[in-house]
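A.B. asks: here is a sequence with its predicted model. Questions after.
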Amino acid sequence: MKIKTVPEDFVVEELAELPGGAGPVSVYVLEKTGLTTLDAIAAVARAFDVPRKIVRHAGLKDRHAVTRQHLWIEGGPEKSLAEGGLALRFLRRAPAAPRVRGNRFRIVLRDLDPAEAPRLAGAADAVAADGVPNYFDSQRFGSARHGEGFVGKKVLLRHWEEALRLAMAKASRFDTESRQKRLASFKRHWGQWEACLEKSATRTEAHVFGYLSRRRGDFKGALKLIERPLLAMYMHAYQSWLWNEAVSRFLKHSLPADVLMPARYLGGYLWFHRFVPAALASRWKRMTVPLLAYRTKFEDGGVQAAYGEILRAEKLETGDFKPAGHNLPYMKGEERALLLVPAGMKAGAPEADERFPGRQKAVVEFELGRGGYATLVVKKLRLLIGEGDGEDEGVPEEE
């Protein structure tokens with residue numbers, strides 16, 4: 001099974017409600033292809049001659065897709081815009097920002113085995129009935145340096161130099177070729193701050209290595225010079241991985257082995273359920289699991305035990321989650337639904353795939369609440385029809 005063979009195979013439409021009445025907030029719909037959300041926002045800001053920070057959005061959308069989402073600008077111009085890869089349509093002025101409630105997806109599943117494709121309708125019914133674990137999918141972990149650790153974990157442990165080295169001298173495989181070469185050079189010259197400064201190509205790199213050339217050994221101070229949103233992303237990525245690991249262990253301990261299916265993603269392997277036993281269904285569909293933070297309180301003993309297992313494996317204690325100090329982001333506690341249940345799930349009949357001779361394709365459509373990953377639905381469909389371990393297709397977005 002393949003997705004995103006062409007951008008038109010993966011269409012995402014943000015679902016939002018605008019408050020009634022008029023007001024100072026200009027609301028727009030952005031349609032884009034081949035651009036990240038942040039690149040599109042930068043283009044809009046340039047075209048409207050406004051600071052990029054005032055062009056607001058509710059979430060990031062995949063560059064390898066056709067996506068429609070809302071932007072809003074307080075006091076923004078009442079005009080539309082069209083340029084390479086994006087079209088911005090002015091809707092109206094509103095008293096406040098739109099309230100985003102989720103996304104609608106239309107996904108073409110390609111390269112289906114003709115013997116397995118007929119199972120898709122039944123698999124879609126199963127996903128609609130029992131949902132999928134509400135994991136954070138690979139898009140959340142494009143910044144992770146797997147095999148070398150998470151920047152967020154190093155911050156929790158107060159290992160400042162290791163955190164900085166991961167952030168500044170260890171490339172992700174999703175980085176551009178030029179950035180990979182530059183970070184490899186920083187790794188070779190680590191400790192030779194003047195040489196790193198000379199090879200810097202961004203403002204952050206220049207600030208960090210310039211600071212270290214003047215204040216050698218102050219790695220915590222240098223770490224604070226990384227943009228706070230990027231540092232927060234590093235912390236959230238590790239927090240999200242811990243949530244995934246805890247929920248995966250919770251499911252493994254709660255369900256018989258023959259009900260479970262392993263699926264691969266950028267962070268490792270996760271367990272998916274074939275179905276939720278009737279005795280658990282009602283409670284699980286209402287159940288939430290906390291994202292781990294300082295002084296998190298647990299309502300479910302099984303979840304607490306699962307978190308305890310992963311913390312022991314990671315050699316962490318709950319006290320390590322205490323905020324690390326001024327200007328360093330920390331992990332904030334919040335609840336996340338255990339299960340993600342799509343609405344309006346439909347699977348079209350398989351037909352010949354013009355891009356993969358001898359294979360079939362089919363269209364699936366569904367809606368997810370805000371924060372849900374459509375690729376999880378695709379993973380479970382793939383597992384249920386018998387196509388391997390749910391390995392990802394495509395490249396993580398810029399989360």
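C.D. replies: Ah, there it is.
A.B. asks: pull the longest strand along the chain out as CSV, backbone CA atoms only.
C.D. replies: Using DSSP state E, we find that the single longest strand of the chain is strand 99-112. Extracted C-alpha coordinates of strand 99-112, given in CSV (Å, rounded to 0.1, in the frame of the first residue of the first chain):
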residue,chain,number,x,y,z
ARG,A,99,-12.6,27.6,16.1
VAL,A,100,-10.9,24.6,14.5
ARG,A,101,-12.5,21.3,15.3
GLY,A,102,-10.7,18.9,13.1
ASN,A,103,-9.9,17.8,9.5
ARG,A,104,-11.5,16.0,6.7
PHE,A,105,-9.3,13.6,4.6
ARG,A,106,-9.6,12.1,1.2
ILE,A,107,-6.8,9.6,0.6
VAL,A,108,-6.0,7.4,-2.4
LEU,A,109,-4.5,4.1,-1.3
ARG,A,110,-2.4,2.8,-4.2
ASP,A,111,-0.4,-0.4,-5.1
LEU,A,112,-2.9,-2.7,-3.4
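A.B. asks: so which elements touch it?
C.D. replies: Judged by 3 or more CB pairs under 8 Å, 6 or more residues apart in numbering; DSSP states H and E, strand 99-112 is in contact with strand 10-17, strand 360-369, helix 374-385. Using the backbone N, CA and C atoms, a C-beta is placed for each residue, glycine as well.
A.B. asks: can you pull out the helices in the stretch 251-399 of the chain?
C.D. replies: With DSSP state H, counting those that start in this stretch as the definition, the stretch 251-399 of the chain shows helices at residue ranges 278-286, 301-314, 374-385.
A.B. asks: okay, buried residues for the shortest one please.
C.D. replies: Right, the one you point to is helix 278-286. W284 (16 or more other CB atoms under 10 Å).
A.B. asks: pull the CA atoms of that helix into PDB?
C.D. replies: Extracted as PDB, the C-alpha positions of helix 278-286 are listed here (Å, rounded to 0.1, in the frame of the first residue of the first chain):
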ATOM      1  CA  ALA A 278     -16.900  -5.300  24.600                       C
ATOM      2  CA  ALA A 279     -16.100  -5.100  28.300                       C
ATOM      3  CA  LEU A 280     -13.600  -2.300  27.700                       C
ATOM      4  CA  ALA A 281     -15.200  -0.500  24.700                       C
ATOM      5  CA  SER A 282     -17.300   2.100  26.500                       C
ATOM      6  CA  ARG A 283     -14.600   3.000  29.100                       C
ATOM      7  CA  TRP A 284     -11.800   3.200  26.500                       C
ATOM      8  CA  LYS A 285     -13.700   5.500  24.200                       C
ATOM      9  CA  ARG A 286     -14.100   8.000  27.000                       C
END
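A.B. asks: state the mean pLDDT of it.
C.D. replies: Averaging pLDDT along helix 278-286 gives 95.
A.B. asks: pull the distance from that helix to the chain's centre.
C.D. replies: Taking CA atoms, centre = their mean, to the nearest Å, one finds helix 278-286 lying 26 Å from the centre of the chain it belongs to.
A.B. asks: check contacts around the nearest residue to E354 once chain neighbours are set aside.
C.D. replies: Nearest non-adjacent residue to E354, counting by CB to CB, 6 or more residues apart in numbering: K361, 8.0 Å away. Neighbouring residues of K361 by CB atoms under 8 Å, 6 or more residues apart in numbering: V108, L109, R110, D111, L112, P350, E351, A352, D353, E354, R355.
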